[in-house]
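# Turn this into a structure:
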Amino acid sequence: VSVEDPVTLQMALDEHDEGDFEQAETLVRSMQRQHQNPDDFGGALYILGAVKANQAESEWSAARQRAVHLVAARYLQKALTLGVPPEVEPQLLFLLGQSLIQGNQPQKGIRILNQALSLENAPSQKVHVLLTEANLALPNPDLQSVLHHNAELLKFPDLTDEQRTEALIVRAETLGRVGRARDANDILKQLSKDRSEDGQIKNLSGRLLLSAAEDLPESNPQRQAMIEQAVSDLQAAQRLDPFNGELTRRARYWIGKSFELQRDYESAIDEYDQIGKLYGDTPESLAAQIAEADLLRFAGKKSQSLA
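Numbering: from 1, shown residues only. Sure thing, here's the model as predicted:
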């Protein structure tokens with residue numbers, strides 16, 4: 001870049017907006033070698049943070065993704081402190097909140113994303129998706145916030161059929177967890193009309209049946225029938241997951257719960273143990289390890305639960 005044709009922040013922002021992150025980063029590095037306007041420092045750091053956030057999504061492991069997202073968050077936090085062009089701030093807050101959440105700092109990310117919603121031109125649909133997921137993934141999920149952001153998401157008319165189905169499944173699962181089983185089952189019936197053989201629908205059906213069975217006394221003959229149907233649906237969900245991914249992990253976790261409801265604690269412990277060993281650093285694996293430890297303590301095997 002010649003002295004007569006200096007690189008400007010706007011040039012780098014234009015490349016970023018076009019999705020050419022590599023060129024945007026190159027232009028920022030060129031700006032840093034020039035005499036840079038101090039007013040552009042925040043904008044330049046925003047671009048570097050956005051580049052890192054984009055890079056994080058292509059990292060091969062969850063650990064690497066978290067690490068790169070935290071690097072992105074540091075750039076973006078510094079950019080926010082120094083100040084950026086007003087039209088950039090909504091996207092900066094979105095990326096910062098996303099990177100904090102993906103970097104395993106969910107509470108900070110949630111605060112930032114809620115702040116983003118107060119700005120005009122915020123990517124509201126993406127923000128509500130992230131806030132739904134983040135509040136659901138907390139150690140103690142904020143289920144009322146999940147329902148709020150999920151409801152806001154469902155107001156968007158341009159959701160694809162797949163996005164709307166995903167949102168309705170999350171809503172039904174959450175309603176079940178807050179004791180609104182009738183509302184949850186109404187959504188399940190609505191979804192089942194066209195997608196009865198969908199793995200997610202089978203998984204949802206199994207979970208709701210187990211929840212309903214848990215509320216019945218053990219002497220009720222319907223209880224065992226509901227548990228058996230739940231297990232059948234959960235096993236079907238596994239068969240409908242060709243990639244042996246999240247759907248399978250979730251189905252297996254709830255099959256473990258079905259053993260607990262039947263007081264078959266040895267089978268439950270065995271299922272949880274397999275999930276913990278097979279699925280590494282996933283929410284289902286961590287939940288299974290906790291459930292297994294609780295059962296081992298309950299069975300008086302304290303030494304094993306602490307191993």
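# hey, let's count contacts and neighbours off CA atoms from now on
OK.
# can I assume L209 is in contact with E228?
No. With contact defined as Cα atoms under 8 Å, L209 and E228 do not form a contacting pair (9.2 Å).
# Can you point out the buried residues in whichever strand or helix holds G176?
Here G176 sits within helix 161-177, counting by DSSP states H and E. Neighbour-count burial for helix 161-177, with 16 or more other Cα atoms under 10 Å as criterion, is recorded at 164-165, 167-176.
# for it, packing partners?
For helix 161-177, the elements it packs on are helix 143-154, helix 181-195, helix 199-214, judged by 3 or more Cα pairs under 8 Å, 6 or more residues apart in numbering; DSSP states H and E.
# hmm, 10 Å instead?
Helices and strands touching helix 161-177, by 3 or more Cα pairs under 10 Å, 6 or more residues apart in numbering; DSSP states H and E, are helix 124-137, helix 143-154, helix 181-195, helix 199-214.
# low-confidence ranges in the stretch 151-300 of the chain?
The model of the stretch 151-300 of the chain has pLDDT under 70 over residues 196.
# before we move on, the earlier item: between L209 and E228, point out the one with more neighbours.
Under the neighbour definition other Cα atoms under 10 Å, L209 and E228 were set side by side, and L209 has more, 23 against 16.
# my guess is the more buried one meets M226, correct?
Yes. At 5.9 Å, L209 counts as touching M226 under the criterion of Cα atoms under 10 Å.
# which residue is nearest the middle of the protein?
E133 (4.0 Å; Cα atoms, centre = their mean).
# do you know how far that residue is from L188?
Distance, E133 to L188, using Cα to Cα, to the nearest Å: 20 Å.
# for P38, same thing?
P38 sits at a distance of 56 Å from L188 (criterion: Cα to Cα).
# between those two, who's got more neighbours?
Taking other Cα under 10 Å, P38 and L188 do not tie; L188 has more neighbours (22 against 9).
# Contact partners for that one?
Contact analysis of L188 by Cα atoms under 10 Å, 6 or more residues apart in numbering lists 168-169, 171-173, 182, 196, 201-202, 204-205, 208.
# Repeat that for H149.
Neighbouring residues of H149 by Cα under 10 Å, 6+ apart: 125, 127-133, 135, 143, 171.
# neighbour-wise, which of those residues leads?
Ranked by neighbour count (other Cα under 10 Å), the contacts of H149 have T132 at the top, with 27 neighbours.
# Please look at that one and E166 and confirm they touch.
No. T132 lies out of contact with E166 (Cα under 10 Å); the separation is 11.5 Å.
# looking at the helices and strands packed on helix 161-177, which is buried most?
Burial of those is given as mean neighbour count (mean count of other Cα atoms under 10 Å); helix 199-214 ranks first at a mean of 24.
# On the C-terminal side of it, identify the next helix or strand.
Heading C-terminal from helix 199-214, the first helix or strand you meet, by DSSP H and E, is helix 221-239.
# thinking again about what came up before, name the nearest residue to the residue nearest to the centre of the chain, sequence neighbours excluded.
Computed as Cα to Cα, 6 or more residues apart in numbering, the closest residue to E133 that is not its neighbour in sequence is V146, at 7.5 Å.
# Same check on A134?
Closest residue to A134 apart from its sequence neighbours, by Cα to Cα, 6+ apart: P106 at 6.4 Å.
# Distance check, the one you found against A288.
From P106 across to A288, the span is 21 Å (Cα to Cα).
# Quick one: residues contacting E57.
64-66, 68-69, 102.
# So, low pLDDT: which residues of the stretch 1-150 of the chain?
Using pLDDT under 70, the stretch 1-150 of the chain drops low at 1-4.
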